[in-house]
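Enquirer: Sequence and predicted structure, then a few things I'm wondering about:
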Amino acid sequence: MNNKQLKIMAENVRKGIVTAVYSAKSGHPGGSLSAADMFTYLYFEEMNIDSANPRNSDRDRFVLSKGHTSPGLYSVLANRGFFPVEDLKTFRKLGSYLQGHPCMTETPGVDMSTGSLGQGLSAACGMALNAKLDGKSYHVYALLGDGEIEEGQIWEASMFAGAHKLDNLTVIVDNNGLQIDGRVEDVCNVYPIDKKFEAFNFNVICIDGHDFDAIRGAFKAAHSCTDKPTAIIMHTIKGKGVSFMENQAGWHGKAPNDEEYKLAVQEIDARISALEKSEVGSV
Amino acid sequence: MNCDIKIATRDSYGNALAELGDELPQLVVLDCDLAGATKTSVFKRKFPSRHIDCGIAEADMTGIGAGLATCGKIPFISSFAMFVAGRNYEQVRNSIAYPHLNVKIGATHAGITVGEDGATHQCIEDLALMRVIPGMTVVVPCDDIEARAAVRAAALTDGPFYLRFGRSPVPIVNDDPGYKFELGKAVVLRQGADTTIFVNGVCVSEALLAADMLSKEGIEVCVVNVHTLKPIDSDTVLDCSKGKKRVFTCEEHSVIGGLGSAVCDVLSEHMPTPVSKIGINDVFGQSGTASGLMAEYGLDYKGIARAIREKLG
């Protein structure tokens, strides 16, 4: 996909996020929206996956360690053809296969059940280790929240990944700067994130997580690095793409009301129209 | 029962893994800097590339095991019961059991027979913790033969398992050459008309000795080895409680949440019967020799016989 196509798809992913959370009347839009561009790039450009064969043993794997941002994952999976986009409206409802947090036994395309923070990266290490043991060439991606890295298990897993030279593992930290109780530096300062991962023997790349050229470049650099796992620290805006949600910790885990939902969809649709009219090279 | 040969079930664990390694190429073993103690070192010597030392990081080991299982491996994650079940409870629940992954938890050094290390390392709550997790199979072998059979059964049965092993050598209970291990099936080791004791793990040989002692006093005790704590063999529990005014349970575990509670669950629903639970009475352990501690907490044959005598007397 070119950047224009990626941007249009990312807007569709955002629309799915707000629709899912609005329909559920609960959920986590802020961190889903901040990672929407990354979700889009991973599932439409980066990962070797097939919606017709979601359990193919040679596929790339994705672990949403920050599992509460399931609306982002579900929206991108639906848009990528793993299940109908319409089903996003069943999110968090009784009997739905779209559970509040990702459940691998329920949802096609979900590679690991997550939601309890700090645990996903360890599972991703297990998947990457499996490829090393079996001589397989698939790659494993894990998306972490910047608040989530306060969990100690993240650093156990990082130490393991560095020690075992898991160069088939890419950790992505969504550094949107906000967690439930406020700014990450105020709650329990997580900075410097890059130096921490460097100290754990990672190849560290810092990018703007809303810039597709930067994302593309980061993965290229990740794949050319051998003997080290890569950590992509992406600076993002929490709630990105819905004006009133941007940079507001209050939108970490809150659903929009009728009026707010209408407003959010209007903003997104307006951007999609503008993008569709634009020249490929101009975006 | 053969009391001349004593083997710790942690040794059985390591040996069984090494035996299974050739047959099951997808079997991998994870440990947390305790390979010498959990005896996974036996497997490591034979299959070094399939033994992964995760360092002193049990939570991470649990997640790594889960990730490996999503890719088709059969990981045996190994540490002391205190850490792999206690410290790790939520990782086991959410990363292994909720997705029903094929991870086997090999918990060694369970109970008070850890001995001199004392209360911090004597896990007497692990069975309660593991038993409440949906879909978890829980096995508490009593001797070398049963422990090796349990490891094999776990490896060949899909889904999460908790296998409990001990540090201290125990006699061979199942020395009958016709012995066959059946997951989920309790074993009547001795018939007795006066009462029944449901027992598992290191307490089984002690219960048999207690039954011998009581028989000489005219009290006939039926001894039932409930090696599979979950799913519990309700039929055998009910059959062996029929016509008994009171039955007993005995375990190297808290009297809360383990075998005693599981037996009470079955009986209270189908055939209310008074149950006396012999176990650790809601206290922490302490340093001492394994045998000294078993006696101190009333779990050796003398203590078991005393408890039965007092209640039936």
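Expert: That came in fine, so what should we check first? Numbers count the residues shown, from 1 in each chain, chains lettered A, B, ... in the order given.

Enquirer: can you give me the end-to-end distance of stretch A:241-261?
Expert: Its first and final residues considered, stretch A:241-261 spans 13 Å by CA to CA, to the nearest Å.

Enquirer: do stretch B:222-241 as well
Expert: The separation between the terminal residues of stretch B:222-241, taken as CA to CA, is 9 Å.

Enquirer: Which positions within it qualify as buried?
Expert: If you call a residue buried by 16 or more other CB atoms under 10 Å in any protein chain shown, then stretch B:222-241 has these buried ones: B:222-230, B:232-234, B:236-237, B:240-241. In this view, the C-beta of every residue, glycine as well, is placed from N, C-alpha and C.

Enquirer: Repeat that for stretch B:71-91.
Expert: When burial is assessed from 16+ other CB under 10 Å, stretch B:71-91 yields the following buried residues: B:71, B:73-89, B:91.

Enquirer: Go ahead and confirm residue B:97 touches residue B:136.
Expert: Yes: with contacts defined as CB atoms under 8 Å, residue B:97 counts as touching residue B:136 at a distance of 5.5 Å.

Enquirer: can you list residues touching both of the two?
Expert: With CB atoms under 8 Å, 6 or more residues apart in numbering or on different chains applied, the overlap between the contact sets of residue B:97 and residue B:136 consists of residue B:160.

Enquirer: circling back: which among the buried residues of stretch B:222-241 gets closest to chain A?
Expert: Within the buried residues of stretch B:222-241, distances to chain A taken as CB to the nearest CB reach their minimum at residue B:230, with 20.2 Å.

Enquirer: Spell out which residues sit in contact with that closest one, please.
Expert: Residue B:230 sits next to B:130-131, B:136-138, B:262 when contact means CB under 8 Å, 6+ apart.

Enquirer: So for residue B:174, what's the nearest residue that isn't a sequence neighbour?
Expert: Spatially, and ignoring its direct neighbours in sequence, residue B:174 is nearest to residue B:145 (4.4 Å; CB to CB, 6 or more residues apart in numbering or on different chains).

Enquirer: Which pLDDT does the model give the one you found?
Expert: As predicted, residue B:145 sits at a pLDDT of 97.

Enquirer: Where does pLDDT dip in the stretch 201-313 of chain B?
Expert: For the stretch 201-313 of chain B, no stretch has pLDDT under 70.

Enquirer: one more time with 90
Expert: Applying pLDDT under 90 to the stretch 201-313 of chain B flags the ranges B:313.

Enquirer: show me where it has strands.
Expert: In the stretch 201-313 of chain B, the strands defined using DSSP state E, counting those that start in this stretch lie at B:221-225, B:228-230, B:247-254, B:275-280.

Enquirer: Now find how far off-centre the shortest one is within its chain.
Expert: It stands for strand B:228-230. Between the centre of strand B:228-230 and the centre of its host chain there is 9 Å, according to CA atoms, centre = their mean, to the nearest Å.

Enquirer: Quick check: can you name the pairing partners of that strand and their directions?
Expert: Each strand pairing with strand B:228-230, determined using DSSP bridges, is listed with its direction: strand B:137-139 (antiparallel).

Enquirer: Next: the last one.
Expert: For strand B:275-280, the paired strands and their directions (DSSP bridges) read strand B:247-254 (parallel).

Enquirer: then the partner strand to PDB, C-alphas only?
Expert: Coordinates of each C-alpha in strand B:247-254 appear next as PDB, following Å, rounded to 0.1, in the frame of the first residue of the first chain:
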ATOM      1  CA  VAL B 247     -14.300 -40.400  56.600                       C
ATOM      2  CA  PHE B 248     -10.900 -38.700  56.600                       C
ATOM      3  CA  THR B 249      -8.700 -36.800  54.200                       C
ATOM      4  CA  CYS B 250      -5.000 -36.400  54.500                       C
ATOM      5  CA  GLU B 251      -2.600 -34.200  52.500                       C
ATOM      6  CA  GLU B 252       0.600 -32.300  52.700                       C
ATOM      7  CA  HIS B 253      -1.300 -29.000  52.200                       C
ATOM      8  CA  SER B 254      -3.500 -26.600  54.000                       C
END
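
Enquirer: Show me what from chain B comes close to chain A.
Expert: With CB under 8 Å from any CB of the partner chain as the criterion, chain B meets chain A at residues B:28, B:49-50, B:52, B:54-55, B:57, B:59-73, B:75, B:90-91, B:94-95, B:98-100.

Enquirer: What subset of the contacts of residue B:230 is buried?
Expert: The buried subset of the contacts of residue B:230 (16+ other CB under 10 Å) comprises B:130-131, B:136-138, B:262.

Enquirer: what residues does the stretch 1-150 of chain A put near chain B?
Expert: Going by CB under 8 Å from any CB, the residues of the stretch 1-150 of chain A near chain B are A:57, A:61, A:63, A:103-105, A:111-113, A:115-116, A:118-131, A:133-134.

Enquirer: In PyMOL, how would I select the buried members of the residues you listed?
Expert: Applied in PyMOL, the following selects the buried portion of those according to 16+ other CB under 10 Å:
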select buried, chain A and resi 61+63+103+104+111+112+113+115+116+118+119+120+121+122+123+124+125+126+127+128+129+130+131+133+134
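
Enquirer: Which members of the residues of the stretch 1-150 of chain A next to chain B occur in helices, if any?
Expert: For the residues of the stretch 1-150 of chain A next to chain B, the ones inside helices are A:120-131, A:133-134, with DSSP state H as the criterion.

Enquirer: re earlier: ok, of the residues of chain B next to chain A, which come out buried?
Expert: With burial judged by 16+ other CB under 10 Å, the buried subset of these is B:28, B:50, B:52, B:54, B:57, B:59-71, B:73, B:75, B:91, B:94-95, B:98-100.

Enquirer: now, which of those lie within strands?
Expert: B:28, B:52, B:75 (DSSP state E).

Enquirer: can you pull the pLDDT of the last one?
Expert: Which is residue B:75. Among the per-residue scores, residue B:75 shows a pLDDT of 98.

Enquirer: From residue B:147, how far off is it?
Expert: According to CB to CB, to the nearest Å, residue B:75 stands 19 Å off from residue B:147.

Enquirer: With the second one instead?
Expert: Separation of residue B:52 from residue B:147 (CB to CB): 22 Å.

Enquirer: Same check on the first one?
Expert: From residue B:28 over to residue B:147 the distance is 20 Å, taken as CB to CB.

Enquirer: can you tell me which helix or strand the nearest residue to residue A:202 once chain neighbours are set aside belongs to?
Expert: Using CB to CB, 6+ apart and skipping the chain neighbours, the partner closest in space to residue A:202 is residue A:231 (4.3 Å). Per DSSP states H and E, residue A:231 falls inside strand A:230-235.

Enquirer: now for that strand, which elements pack on it?
Expert: In this structure, strand A:230-235 packs against strand A:169-175, helix A:193-199, strand A:203-208, helix A:212-224, with contacts taken as 3 or more CB pairs under 8 Å, 6 or more residues apart in numbering or on different chains; DSSP states H and E.

Enquirer: Can you pull the phi/psi pair for residue B:171?
Expert: The phi and psi torsions at residue B:171 (degrees, to the nearest 10) take the values phi -60, psi 160.
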